[in-house]
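Q: Kindly return the folded structure for what I paste below:
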Amino acid sequence: MSDELPHADETPGSDPLEETPESAAAEESSPALRSEEPQPDSVEDVDVDVDVDVNVSPGAPDESDEPDELVDAAEEADEEDADSPEESEEESEEESEEPSEEDVARRAFVTQVLAGSIGAVVGLVPVLSGLIFFLDPLIRGGRSSGDATVGGSVQKDAEGFIKLPVTRSLLPSDGTPQQVTVEDDLVDAWNKFPNVPIGSVWLLRSESDEVSAYSTICPHLGCAVEYRGARSDFYCPCHLSAFKLDGSKDNPIPPRDMDSLAVKPGMGEEIWVQYKSFRGGISEKVEV
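A: From the prediction side, this is the model:
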């Protein structure tokens, strides 16, 4: 027993990590093994590798071992489930966004009605303004017509008789002429000028209390006729036309007699005269 050879591991002075010729040959014969499995640097690295190999046993189930077809089917199902709500929402939105033909027709009708109404209002404004502008003189003329216009110093009836600012009792009863200014309201197309002097008349009161009125405009060439108290007649200083107190011409210069004016009867103390203008230079009495 004592003659037994000691084991290689128990050989004194031998190192288990020492490279022997046999181990070197084995390493050279398996270079692939040497390249794929790196040699551990220490005993601790060997223990770690062993532990890892033990923990991952070939019989344990692993999710990575599932078939690829099942994984692909599951992913496609998830994608379809994720896409289906979006597609349904898009389809519902498209259906809601597309109006029906009735809605389109109704909207078009409402739009046309609104456009027509706005256009009518915009077009009527200038038309009505123009009508009011041009009809204003007629409207005011209708308001001023009537039996008499009261409210100012000038009163005028529908026939054109104007109330003079003098009464019968103020006129001399011996027939002496009195010149009285006639005032009226001048109205043009858009303006009214109240109490404007439009001329004057000669008034004469007879012994029978009758009042006569004559225009102060000479029928010859339109100058003003004056009263000459010394001769008790009317005359025109422009061309020396002469008239009697009853208005008849007293020389051949004027073409006609003085223009008499109508006096409204039955007015008591009030004197209403229809004032008019006549063309001069002719023998006929033509109103202008």
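Q: residue ranges of the helices in the stretch 51-200 of the chain, please?
A: With DSSP state H, counting those that start in this stretch, the ranges of helices along the stretch 51-200 of the chain come out as 68-97, 101-144.
Q: mean pLDDT lowest for which of these?
A: Ranked by mean pLDDT, those end with helix 68-97 at the bottom, a mean of 58.
Q: Show me the beta-bridge partners of residue 241.
A: Note on residue 241: beta-bridge partners by DSSP bridges are residue 236.
Q: right, and it touches residue 235 too?
A: Yes: using CB atoms under 8 Å as the test, residue 241 is close enough to residue 235 to be in contact (6.6 Å). Using the backbone N, CA and C atoms, a C-beta is placed for each residue, glycine as well.
Q: more neighbours, those two?
A: residue 241 (23 against 19; other CB atoms under 10 Å).
Q: residues shared between the contacts of residue 241 and residue 235?
A: residue 225 (CB atoms under 8 Å, 6 or more residues apart in numbering).
Q: Report the spatially nearest residue to residue 264, omitting neighbours in sequence.
A: residue 272 (3.8 Å; CB to CB, 6 or more residues apart in numbering).
Q: pretty sure the one you found is touching residue 262, no?
A: No: with contacts counted by CB under 8 Å, residue 272 stays clear of residue 262, the gap being 9.1 Å.
Q: So between those two, which is more surrounded?
A: Between residue 272 and residue 262, counting by other CB under 10 Å, residue 272 is the more crowded of the two (22 against 14).
Q: and that one, what does it touch?
A: 157, 161-164, 263-264.
Q: at 6 Å instead, please
A: Listed by CB atoms under 6 Å, 6 or more residues apart in numbering, the contact partners of residue 272 are 161, 163, 264.
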